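# model this:
(chains A and B)
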Amino acid sequence: MSTVAPPASSGRGRRSSPMSWRWGDRLALAAAWIAGISLCVIAAAIVLYMGYRGIQYLRPGLLFSRPQTSADQAGSGGFLDPLLGTILLTIIGIALALPLALASAVWVAEYGRPSWLARVVESSIEVVAGTPDIVIAIFGFAVFQLSLLAPFSFTAEGGGVFGRSFIAAGTMMSLLALPSIYAATRDGLQAVPGHQREAAFALGKTRITTIRRVLIPSVRSNIATGVTLGISRIIGSTAIVLILLGSTLRIETEGAIPGINLLRGTGSSLTTYVYENSPAGEGNAPQKAYAAAFVLLIFVLLLNLLVDRIGRAQERSTGLTVAGGVV
Amino acid sequence: MIERLRKPWPDHRAERTLGAVSLLIGVGVVAMIVFVVIRAWPIFQHNGLSWVLGGGDFETEVNKMTAATTNPPAAVFQLRAWPLIYGTVLSSGIAVVLGLAIAVLSSVFIVELAPARVSRVVIPMVRLLASVPSVIYGLIGILVLVPFVGNHIITTHEKASVQNVVQLTGAGLGVTIVILTIMITPIMIALICEALSSVPPSWSEGAIALGLNPLRAVRAVTLKAIRPAIVAAAVLATARALGEAVMIQMVSGGKTFSPKPVDGLVFFFEPLRTLASAIVDYREGVGSPALGPAVYSWALLLLFSALALSVTGYLVKLPLRKYQTRG
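Got it, this is the predicted structure:
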């Protein structure tokens, strides 16, 4: 039994030592290492610094007490309301974005006729993805100021519509989450091998039944990735909340019907709480801002981990792009 | 009712319903453009295209608008937006150029140079940088970087040299560019890494076999093959940078001032205002009769730039798509 010499271990064969390279190449090599490592250092520094400040200023009481108007940081309360605001906005945003994104991804990937119409849908979602959130916010304000949509916020005494409410902000938040859910679902559907569909058709299933019983269950993890990415965009968005949720730190209800009055009311989110308490806002309470930013960062880190968890099941090339786009 | 929905749908009805829901997104995009154009119209009616030119005193014009009541006279609508456009182009331009260099270097590092153990650490770090919310970047900027630059980097001599024109606090172009670069680099890295790892390794192996060292092989073969992806990454990053509102508003100094390159190093310490950050600054005036159209006109320019950039992104990716189907 003759042994065959094993092939060279790396695909590159024998590497030439960088010490024998020209100066320019050695500089470029050093620059590449420095660039890669320094990005790591910056990321680590941000997390460590926010962690340090968070441990310094975050008290459990802050999470369960409402913001108070007060001149000094000791009396200005916690951020229960912003926390609830973030959760409420996320729920509204995802609840609106998920059906819309699923329907369009399924339609584009599975039906897509006429093809020009499918291209229109595809490129409008790309436009939504490329539009800055500040522009989406301003657009939302123009829409919800229409007197037709007055029930979604409230009408001021002069007859003008206020145009700011949880519904208004949540609706625009759904536009942030839409592209990632859409792209993740569409990519998943396109990756499902054709024979799975053919097998279902051969059993006498219609297209829509195939989609509901075979395709959607098999792309569940893609949808989950898309939703997680969407959530992390929603909880990180400041501009939409600043413009569309009024500038009350506390949740103020509007009207008498419980539940509905909350949706019509105004409030804040963790991001605007951080903004308003930073020197850029009115509060100027950096300790509160650091504490809330720490909580926000923990949420983002957890969502990141979740994407990783879900994505580990799927094969990925570099790990930098996941189904559903960058980040 | 629910019973009827639970029953399997006829295929053609499902197709129509899904298609109609998808088209809603297209309708939404058209509505967005129409709404913003209508709201911004008074400004373009009174200024024409000279709106983009300089020459006016921005803050006086805006103050006049803020003071205006219902049915303002035509003179109130006079506005020259050049300072904002200059600020936007300046900050995004420099950040994209810097970020692109860092992104190319670190992508080569991640995909080609780093040992697997190192890149397993670098990749999550880069993803983390991409998912930190902009308000946290803004908070670190305004509470850490701005005071540091203001107290330690700007000399009293430099402060005195421009004290009659503008006050240097540390907030300004330099800090804006640094944070903006950190924010947009991960997006570019994700796209460039994706493209780099899709190039067949045999291509650069061929070059190495011809006697090039690995770094030169990457530069001569791999990077050349993914040029369209690099351009597409730069385009996407530009779109992100243009639309960044809250972070820039926090660290740019909040003054309408055009940094002047002739000032030497002081250039980087001078405050600026961009289109997006101006919208945040004047968010309370969105509903007012004169300032409202001005805010919408800034949003309109941002919206059109985003549209133009996504068309550009599509066009530059065309050759890449062709190459991928061939290979």
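# and the closest residue to B:Glu270 other than its chain neighbours, how many neighbours?
Nearest residue to B:Glu270 in three dimensions, chain neighbours excluded: B:Pro259, at 3.9 Å (CB to CB, 6 or more residues apart in numbering or on different chains). The way it works is simple: take the backbone N, C-alpha and C, and place the C-beta from them, glycine included. Counted by other CB atoms under 10 Å in any protein chain shown, the residues lying close to B:Pro259 total 22.
# contacting residues for B:Pro259?
Contacts for B:Pro259 (CB atoms under 8 Å, 6 or more residues apart in numbering or on different chains) come out as B:Gly87, B:Leu90, B:Gly172, B:Leu173, B:Phe267, B:Phe268, B:Glu270, B:Pro271, B:Leu272.
# can you flag the buried ones in these?
B:Gly87, B:Leu90, B:Gly172, B:Leu173, B:Phe268, B:Glu270, B:Pro271, B:Leu272 (16 or more other CB atoms under 10 Å in any protein chain shown).
# distance check, the nearest residue to B:Val144 once chain neighbours are set aside against B:Ala278.
Among residues not flanking B:Val144 along the chain, A:Tyr49 sits closest, at 7.4 Å (CB to CB, 6+ apart). For A:Tyr49, the distance to B:Ala278 (CB to CB, to the nearest Å) stands at 29 Å.
# now swap in A:Ala169 and tell me
Distance from A:Ala169 to B:Ala278, by CB to CB: 21 Å.
# tell me the SS of B:Gly55?
coil (DSSP: H, G, I helix; E, B strand; the rest coil).
# so for it, what's the pLDDT?
Here, the pLDDT recorded for B:Gly55 equals 77.
# that one contacts B:Arg80, correct?
Yes: when contacts are counted by CB atoms under 8 Å, B:Gly55 is listed as touching B:Arg80 (5.5 Å).
# who's more crowded, the two?
More neighbours surround B:Arg80 than the other of B:Gly55 and B:Arg80, with 18 against 7 (other CB under 10 Å).
# wait, a helix at that one?
No: secondary structure of B:Arg80 (three-state DSSP): coil, not part of a helix.
# before we move on, back to that, give the helix, strand or coil label for the residue nearest to B:Glu270.
coil.
# same check on B:Thr256?
Put simply, B:Thr256 is coil when judged by three-state DSSP.
# so it makes contact with B:Glu61?
No: shown here, B:Thr256 and B:Glu61 do not form a contact pair, counting by CB under 8 Å, at 9.8 Å.
# A:Ala169 and B:Ala278 - which one has more neighbours?
Ranked by neighbour count (other CB under 10 Å), A:Ala169 and B:Ala278 place A:Ala169 first, with 30 against 27.
# what's the pLDDT at that one?
pLDDT for A:Ala169: 93.
# what's the closest non-adjacent residue to it?
Distance criterion CB to CB, 6+ apart; nearest residue to A:Ala169, sequence neighbours excluded, is A:Leu244 at 4.0 Å.
# let's see which of the buried ones among the contacts of B:Pro259 end up in helices.
Secondary structure assignment (DSSP state H) places B:Gly87, B:Leu90, B:Leu173 from the buried ones among the contacts of B:Pro259 within helices.
# hmm, the first one is touching B:Thr274, no?
To tie it back to what came earlier, the one meant is B:Gly87. Yes: counting by CB under 8 Å, B:Gly87 touches B:Thr274, with 4.5 Å between them.
# I'd like to know how many residues surround B:Ala74.
Residues lying near B:Ala74 (other CB under 10 Å) number 9.
# mind listing what it touches?
B:Ala74 touches B:His46, counting by CB under 8 Å, 6+ apart.
# tell me the spacing between the spatially most central residue of chain B and B:Ser277.
In chain B, the C-alpha nearest the mean C-alpha coordinate belongs to B:Ala241, at 1.5 Å (CA atoms, centre = their mean). Remark: distance between B:Ala241 and B:Ser277 (CB to CB) = 12 Å.
# for chain A, what is the nearest residue in the stretch 51-200 of chain B?
Nearest residue of the stretch 51-200 of chain B to chain A, counting by CB to the nearest CB: B:Pro133, 3.2 Å away.
# next: chain B.
For chain B, CB to the nearest CB, closest residue to chain A: B:Gly243, 2.3 Å.
# can you tell me the SS state at the nearest residue to B:Lys317 once chain neighbours are set aside?
Nearest residue to B:Lys317, sequence neighbours excluded (CB to CB, 6+ apart): B:Ala232, at 5.0 Å. For B:Ala232, the assignment made with three-state DSSP gives helix.
# B:Ala232: how many residues sit nearby?
B:Ala232: 23 neighbours (other CB under 10 Å).
# so it touches B:Leu318, yeah?
No: the pair B:Ala232 / B:Leu318 is not scored as a contact, 10.0 Å apart, by CB under 8 Å.
# residues contacting A:Gly246?
Going by CB under 8 Å, 6+ apart, A:Gly246 touches A:Phe162, A:Arg164, A:Ser165, A:Glu252, A:Thr266, A:Gly267.
# and it, helix, strand or coil?
Secondary structure state of A:Gly246, per three-state DSSP, is coil.
# now for the residue lying closest to A:Thr90 once chain neighbours are set aside, how many residues are close by?
Computed as CB to CB, 6+ apart, the closest residue to A:Thr90 that is not its neighbour in sequence is A:Ile234, at 5.1 Å. Look at A:Ile234: counted by other CB under 10 Å, it has 28 neighbours.
# what does A:Ile234 show for phi and psi?
Dihedral angles of A:Ile234 (phi, psi; degrees, to the nearest 10) stand at phi -70, psi -50.
# any idea how far it is from A:Leu178?
11 Å.
# any quick ChimeraX command for the buried ones out of the contacts of A:Gly246?
Selection of buried members from the contacts of A:Gly246 for ChimeraX, criterion 16+ other CB under 10 Å:
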select /A:162,164,165,266,267
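# okay then, goodbye and thanks.
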